[in-house]
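Novice: the following comprises the amino acid sequence and a computationally predicted model.
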Amino acid sequence: MNRSRNGRARRLSAAAAVILAPHLSGLGTTQSSVYMAAQAESGRALVQPRDAEARDAAAETATREALEAFITQWNTADDANLRRAMHFPFATVTGGGALIIDAQPDDFSAGFDEMRAREGWSRSSFDFDSFAVVKSSTDKVHASIGFSRYGPDGTAYRTSQVFYIVTRHDDRWAIQLRTPAPEPEDLVGDERAEILAAARRAVLDFFTAFNSGDVDGTVATLNHPHLFMTAGGGFAVAETPGDGPRPNFDRMRSDEDWHMSTIDALEASIVTRNKVHFELTFTRWRPDGTRYWTVPALWIVTRAGDHWGIQVRSLMPATFDARAR
C-alpha cells in the first residue's frame, strides 16, 4: 500500500491500466511506461511484498502416482481403463485455437487403433526423471513430464514433453487437462521474440480492458472455446464469445470494493508457434491503494488464425486474501 506523509492511503487511478512490478524484465516499453506513469501519479512505486510460494508435497506425490496410474492404463490400450485415471470434464489443448472438452467419460477416446495404424504404436512410457512440478496446492497441481512412444520392436520413435493439470475430486487425484509442451528446437531469435510479444500483448490487453470496465474488450482478448479453472476445482467452458465469460464489474465493486488489478509476475514457461504458457500472478486493489487479493495462475495463450487470445486460465490458491470486508 502507498501512503502519503500523513499516513493516509493514496488513491490509485485506474487510468494506469496495468501496473507491472519493477522486478519484471523484458516486457517492453509499453508496459514500462504504464508502470512509470503509475509511479508518477502516486509519488511512489506501487510494489507489494512478494508472497512466499506455497507448495504441497503430498499433492506432488499424489500427482506422480496419478501419472503412474495414467501411463499404466494407457498401455492397456483400453479407453474404459484409461478413463479411470482421468477426471471429467477433461480438456485437451492442442494449440492453434483448438480446445477439446470431453464432458463425460464415454465422450473420450484416445484413438489407440488409429495410433497403431498411423504410427505403428505399441506402448508408451513416462520419463519420471524429467517430472517437474510448476505449481502445487491441496487440490491442484500443474506439472510437465517427458514421454516416449515405442513400436513393436521396442524402439522409441517419438520422444517429447507433455503438460498436465492434475486435480483432486472426492479425494481422488487424476488428470484433468493435457497439452503438448515441447518447444521447437528451431524456434529462436526474432521469430520467438515476435511470438512472445504477440501472446503477451493478449494478456496485457485483457488487463487494460478489465481495468477500464470494458466487458466486451475482455472477451475480445480470449480464444473460444475458453476454459476457466478455479483453485477449488471449478471447471467452466465458454463455447463462443457470446458465452463470455463476462466480468461483473459492478458486483466486484460492491462485494469486494475492487478498483483495479495489476500484473505482478508474467513469465513464459512454454513457447511454441501456436501456444504460449504464462506463469502469471495478479493482484486486486481497493481505491485507497490496499491490495486485497493476490493469485498465481497459469494462462495458456493460443494462436487461432491471426488472433492470439487467452484460451485457458487455471487459478491456484491465493497467496494473499483479505476479501472479507
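Specialist: Great, that's in hand.
Novice: looking at this protein, which helix is longest?
Specialist: Looking only at the chain and at elements set by DSSP state H, the helix with the highest residue count is helix 189-211.
Novice: helices or strands up against that one?
Specialist: With contacts defined as 3 or more C-beta pairs under 8 Å, 6 or more residues apart in numbering; DSSP states H and E, helix 189-211 has these neighbours: helix 215-220, strand 260-271, strand 275-285, strand 291-304, strand 307-315. All C-beta atoms are positioned from the backbone trio N, CA, C, and that covers glycine.
Novice: please name the nearest non-neighbouring residue to Ile300.
Specialist: For Ile300, ignoring the flanking residues on the chain, the nearest one in space by C-beta to C-beta, 6 or more residues apart in numbering is Val312 at 3.9 Å.
Novice: now do the contacts for the one you found.
Specialist: Going by C-beta atoms under 8 Å, 6 or more residues apart in numbering, Val312 touches Ala91, Val93, Leu99, Leu177, His226, Leu227, Phe228, Met229, Leu298, Trp299, Ile300.
Novice: and if we set it to 10 Å?
Specialist: For Val312, the residues meeting the contact criterion (C-beta atoms under 10 Å, 6 or more residues apart in numbering) are 91, 93, 99, 165, 177, 179, 222-223, 225-229, 275, 277, 297-302.
Novice: can you list the weak-confidence ranges in this protein?
Specialist: The chain contains residues with pLDDT under 70 at 1-49, 325.
Novice: possible to save the helices and strands packed on helix 189-211 as TSV with distance to Phe131?
Specialist: What follows is those, written out as TSV (distance: least, C-beta to C-beta, whole Å):
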stretch	distance to Phe131
helix 215-220	35
strand 260-271	15
strand 275-285	17
strand 291-304	17
strand 307-315	19
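Novice: go through the ones you listed and name the closest to Ala197.
Specialist: Between Ala197 and the helices and strands packed on helix 189-211, the shortest gap by C-beta to C-beta is with strand 307-315, which sits at 9.5 Å.
Novice: what angle do the closest one and strand 275-285 make?
Specialist: Between strand 307-315 and strand 275-285, the angle formed by their directions is 60 degrees, by axes from the mean of the first three to the mean of the last three C-alpha atoms, to 10 degrees.
Novice: now strand 307-315, how far from the chain's geometric center?
Specialist: Shown here is strand 307-315, whose average C-alpha point lies 7 Å from the average C-alpha point of the whole chain (C-alpha atoms, centre = their mean, to the nearest Å).
Novice: who does it pair up with?
Specialist: Strands that pair with strand 307-315, judged by DSSP bridges, come out as strand 222-229 (parallel), strand 291-304 (antiparallel).
Novice: okay if I get those strands as CSV plus mean neighbour count and distance to Val215?
Specialist: What follows is those, written out as CSV (neighbours: other C-beta atoms under 10 Å; distance: least, C-beta to C-beta, whole Å):
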stretch, mean neighbour count, distance to Val215
strand 222-229, 21, 12
strand 291-304, 21, 19
